[in-house]
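Q: fold the following.
(one chain, ligands or ions: 1)
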Amino acid sequence: MRFAIFGDIHANFEAFEAVLADAKREKCDRFICLGDVVGYNADPQACLAIVRELNCPVVKGNHDEYASSQCSLETFNPLAESAIRWTRDTLTPEEKEFLTSLPLTTNVESFTIVHATLDSPGDWGYVLNQLDAAASFSRQEAQVCFFGHTHSPRLFVKDGSVVGFPLTEVKIESKKQYFINVGSVGQPRDGDWRAAYAVYDLDSKKVTLRRLKYDIEKAQTKIRNAGLPVKLAERLFLGR
Ligand code: ZN
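A: Take a look at the predicted model:
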C-alpha cells in the first residue's frame, strides 16, 4: 500500500493538481487529507470537490472550521480574516456542512492522522519544537501519526533523538514513535514555494517528502481576480 498524504491545500487548485499528478506517477493507491482544504487562496470549491471525489480519510483543519462556522474573527490578523470572510461567502451551505462534519482525528490502517496536535486537536496549537511534540506524543498510541498546520515539513521522534528538517526520506524503525509533518500543498512556509506532500509506503516502511513546482502565476492571478488581498498572492512565491 502506498499512501499520498497531503494537507493544507488551502484552495490552491494548481498546487493540488501537481501533487495529485505526482502521486499518480509515484503509484500511490490511497489518499489521506490532513485538513485545511480551504482558506487563503481562490479555489476552495474545486479543491473541496476533488477531496470529496477521492473519498479518502480527511480530518478537519482550523480553516475548515472557521470557513464553515460563524465563529468570531476578532482576534485574527487582517489577512486571514478577509480570506475567511471571502471563503464563507463562496462556499455553499452543503459544502460547509461537509466541512463541519469532519472528525478532528482518525486512524487509518496502522497510523493516526490529525491537523494540529493529538493532545488538544480542537485548540489548533502549533507543534514547532520537541516540547510541543512531547505533549502530542503523550496522546499518541499508533507508531506513526501524520499532521499539518505549521506548513513546514518536519519529523519528530518520541525519544527526542532526531528532528528531521527538512524531512526527505525516512525509514520507520520498529520501537520508535513518529510525529510527521508533511508540509503544505497550497501555502508552504518553509521558504520553499513548491507544493509539499509525503508518500508513505506501508510495506517498505518509508516516508518520502515530495516537492513539486506548479503554475504559481495562475494561482496568483486567480487570487487577484477574486478580490482576495494581493499579499496572499505575493506570499505564495516567498514560501512564507
Ligand atoms: Zn493551514
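Q: pLDDT value on residue 138, please?
A: If you check residue 138, the pLDDT there is 96.
Q: can you give me the neighbour number for it?
A: As a burial measure, residue 138 scores 10 neighbours (other CB atoms under 10 Å). Backbone N, C-alpha and C define where each C-beta goes, glycine included.
Q: was I right about it contacting residue 117?
A: No: Residue 138 lies out of contact with residue 117 (CB atoms under 8 Å); the separation is 10.1 Å.
Q: in its sheet, what does the lowest-mean-pLDDT helix or strand in the chain sit against?
A: The helix or strand of the chain with the lowest confidence, counting by mean pLDDT, DSSP states H and E, is strand 163-164 at a mean of 72. Using DSSP bridges, strand 163-164 pairs in its sheet with strand 154-157 (antiparallel).
Q: can you name the element that comes right after the least confident helix or strand of the chain?
A: From strand 163-164 onward toward the C-terminus, using DSSP states H and E, the following helix or strand is strand 169-171.
Q: what's in contact with the least confident helix or strand of the chain?
A: Contact with strand 163-164 is made by 130, 154-157, 170, as judged by CB atoms under 8 Å, 6 or more residues apart in numbering.
Q: chain center to that strand, what's the gap?
A: Relative to its parent chain, strand 163-164 has a centroid offset of 19 Å by CA atoms, centre = their mean, to the nearest Å.
Q: again, but for stretch 96-110
A: 13 Å.
Q: and for stretch 110-130?
A: For stretch 110-130, the distance to the chain centre is 12 Å (CA atoms, centre = their mean).
Q: ok, and does that stretch reach over to the ion?
A: No: figure legend: stretch 110-130 not in contact with the ion (CB under 5 Å from the ion); closest approach 7.8 Å.
Q: how about stretch 179-188?
A: No: no part of stretch 179-188 sits near the ion under the criterion CB under 5 Å from the ion; the closest distance found is 6.3 Å.
Q: first-to-last residue distance for that stretch?
A: End-to-end distance for stretch 179-188, by CA to CA, to the nearest Å: 19 Å.
Q: just stretch 62-75 next, same as before
A: Using CA to CA, the end-to-end distance of stretch 62-75 comes to 14 Å.
Q: what does stretch 66-86 give?
A: Chord length of stretch 66-86, first to last residue, is 11 Å (CA to CA).
Q: swap in stretch 35-47?
A: 11 Å.
Q: got the buried residues for it?
A: Buried residues in stretch 35-47, counted by 16 or more other CB atoms under 10 Å: 35-45, 47.
Q: may I ask which two of the residues you listed are separated the most?
A: Farthest apart among the buried residues of stretch 35-47 by CB to CB are 35 and 42. That separation is 18.9 Å.
Q: quick one, phi/psi of the residue sitting furthest away from the middle of the chain?
A: Here the chain reaches farthest from its C-alpha mean at residue 175, the gap being 26.8 Å by CA atoms, centre = their mean. Backbone torsions of residue 175, given as degrees, to the nearest 10, read phi 80, psi -10.
Q: pLDDT value on it, please?
A: The confidence metric pLDDT takes the value 91 at residue 175.
Q: distance of it from residue 118?
A: Counting by CB to CB, to the nearest Å, the separation of residue 175 from residue 118 is 20 Å.
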